[in-house]
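# Build me a structure from this.
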Amino acid sequence: MVLRLTGRTMSPLDLLRRATDRLEGVGTERADSGRSHGGDVAGSRALIRAGVHGVVAALLTLVPVGLLASLLWLTTADIRLSWAEAAAAGASFWLLAHGIPILLTTGVLGIVPLAAFLGVLLVGVWSAGRSTWAAAEHGWRPALRVAGAWMGGYALVILGAGGLAVLGPMDPAPGRWALATVLMPALMGIIGMVRTLDHDDVDEFLERCFVPAAVRRGWRPAIHATVVLLVGGTLAAATAVALSLGDVLTLHESLRPGVTGGTILVLLQLLALPNLGLWSASFVAGPGFSVVEGASVTWDGSSTSLVPMIPVLAAHPDPALFPAATPAVAILLVLLGGWLGWQSLAATARLASLRAKSLTVISAALSTGTLVALLDWVGGGALGMDRLASIGAPALLLGVTVTGWLLLGGLLVLLWDWRTLDV
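Model (predicted):
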């Protein structure tokens, strides 16, 4: 028996095969639907896990600070301080590590220990990267969704810590608190996500964010140069402290902070060494720095005044006029600019146009100066009021001068590269 359908002769066997194919198609659609539903559930669970990871990442740094505050409360002789107030003070110092100044009755504590700030940043980037690792295999879009959930979890802890701090003796600055609640989780989440993406996915993500090509090529050299500048300055500051160790220890002993208080005081000063490193970099670049109104260090020389009773500041140079050749120290930044230019050219095609290479070098130098200025803005500020209302290096001027010296070194390397190609 045969059937004729739509002009084509079909046997019973052909009809059976068609029916079987249709049944398999329905089963496949149902299976795909089930997998899609399962994927949605798995995606929701992944977002929830990412949010929990964000909370845990914040607690990884908040809990140790809370324990230190509790230890200080147990060993303090001030019976007026309750444990709840000590815990609130610990939350305030944790927020300080996120770049949020603390408002005191005696002024503003705006000096953010940069080692603590960078430590918090590294913990957050590590946690965000682990959370987005699996999603990053499917591109930057799913990774960004997971990173967004992580950011939300971390931001909740910042809000909670701020609420706790408000109940204590030290309040976070409202504007910077709101800014850090948004920017810090976003910064950590995006950097952590970018570290897990393939190179092509990173470029596509930055392109979708309307980041110019020169910036996409120059951001890695800029980060490398910023790290070198910060580490070099910190080593210089540590060397200056070591050379004045006797004066530092004498001032420390005169404060009589006790065992616990002395340990915390030493820890805070160690965490603030990168701040002093930026001050050293500012001296090399030209703007100099000031530890109190009337006490500054520039290329011209050093002037002193009554400095704060902080042991590490005993390393401040004595009043003196520096030699006329002192500005030659800026050659260090020119050399760093040459290395930055070499890295920038390595990130650009060898036979790329001179314009493309120039824009990459300029972008890398500008990005480095911007990063240095931002770090100095976060780490610098007030240590009280009146003569201590603004200490450290001028952030904007530091960023501009660092950019200028780096550009000089980078453009010299660019000129050498152009001449070798021309030959």
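# check which helix or strand covers the most centrally placed residue in the chain.
The central residue of the chain, meaning the one whose C-alpha is nearest the mean C-alpha position (C-alpha atoms, centre = their mean), is residue 121 at 5.1 Å. In the assignment (DSSP states H and E), residue 121 maps to helix 114-136.
# next structured bit after that helix?
Elements were assigned by DSSP H and E; along the chain past helix 114-136, the next helix or strand is helix 140-166.
# What segments of the protein are helices?
Defined through DSSP state H, the helices belonging to the chain, from first to last, are 12-75, 83-96, 114-136, 140-166, 174-196, 199-208, 213-243, 245-255, 258-271, 273-285, 331-346, 354-379, 395-422.
# that older thread, output the helix holding residue 121 as PDB, nothing but the C-alphas.
The C-alpha coordinates for helix 114-136 follow below in PDB (Å, rounded to 0.1, in the frame of the first residue of the first chain):
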ATOM      1  CA  LEU A 114      47.000  53.000  51.800                       C
ATOM      2  CA  ALA A 115      48.400  49.500  52.700                       C
ATOM      3  CA  ALA A 116      45.000  48.800  54.400                       C
ATOM      4  CA  PHE A 117      43.100  50.300  51.400                       C
ATOM      5  CA  LEU A 118      45.100  48.200  48.900                       C
ATOM      6  CA  GLY A 119      44.800  45.100  51.100                       C
ATOM      7  CA  VAL A 120      41.000  45.500  51.100                       C
ATOM      8  CA  LEU A 121      41.000  46.000  47.400                       C
ATOM      9  CA  LEU A 122      43.100  42.900  46.800                       C
ATOM     10  CA  VAL A 123      40.800  40.700  49.000                       C
ATOM     11  CA  GLY A 124      37.800  42.000  47.100                       C
ATOM     12  CA  VAL A 125      39.300  41.500  43.700                       C
ATOM     13  CA  TRP A 126      40.300  37.900  44.600                       C
ATOM     14  CA  SER A 127      36.800  37.100  45.900                       C
ATOM     15  CA  ALA A 128      35.100  38.700  42.900                       C
ATOM     16  CA  GLY A 129      37.400  36.800  40.500                       C
ATOM     17  CA  ARG A 130      36.600  33.500  42.100                       C
ATOM     18  CA  SER A 131      32.900  34.300  42.000                       C
ATOM     19  CA  THR A 132      32.900  35.200  38.300                       C
ATOM     20  CA  TRP A 133      35.400  32.500  37.200                       C
ATOM     21  CA  ALA A 134      32.800  29.900  35.900                       C
ATOM     22  CA  ALA A 135      30.500  32.600  34.300                       C
ATOM     23  CA  ALA A 136      33.500  34.100  32.500                       C
END
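# burial measure for residue 82, as a count.
Other residues near residue 82 come to 11 when the count uses other C-beta atoms under 10 Å. All C-beta spots, glycine's among them, are computed from the backbone N, C-alpha and C.
# hang on, the earlier thing: reformat the helices of the chain as TSV; add distance to residue 309 and mean pLDDT.
Supplementary listing: the helices of the chain in TSV, determined by distance: least, C-beta to C-beta, whole Å; pLDDT from 0 to 100:
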stretch	distance to residue 309	mean pLDDT
helix 12-75	18	67
helix 83-96	19	91
helix 114-136	21	94
helix 140-166	25	94
helix 174-196	26	94
helix 199-208	47	86
helix 213-243	16	94
helix 245-255	6	88
helix 258-271	11	85
helix 273-285	16	95
helix 331-346	32	96
helix 354-379	20	94
helix 395-422	25	91
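# Which one, of those helices, ends up nearest to residue 297?
Closest approach to residue 297 among the helices of the chain (C-beta to C-beta): helix 273-285, 5.7 Å.
# now the angle from that closest one to helix 213-243?
Angular relation of helix 273-285 and helix 213-243 on a 0 to 180 degree scale: 100 degrees, by axes from the mean of the first three to the mean of the last three C-alpha atoms, to 10 degrees.
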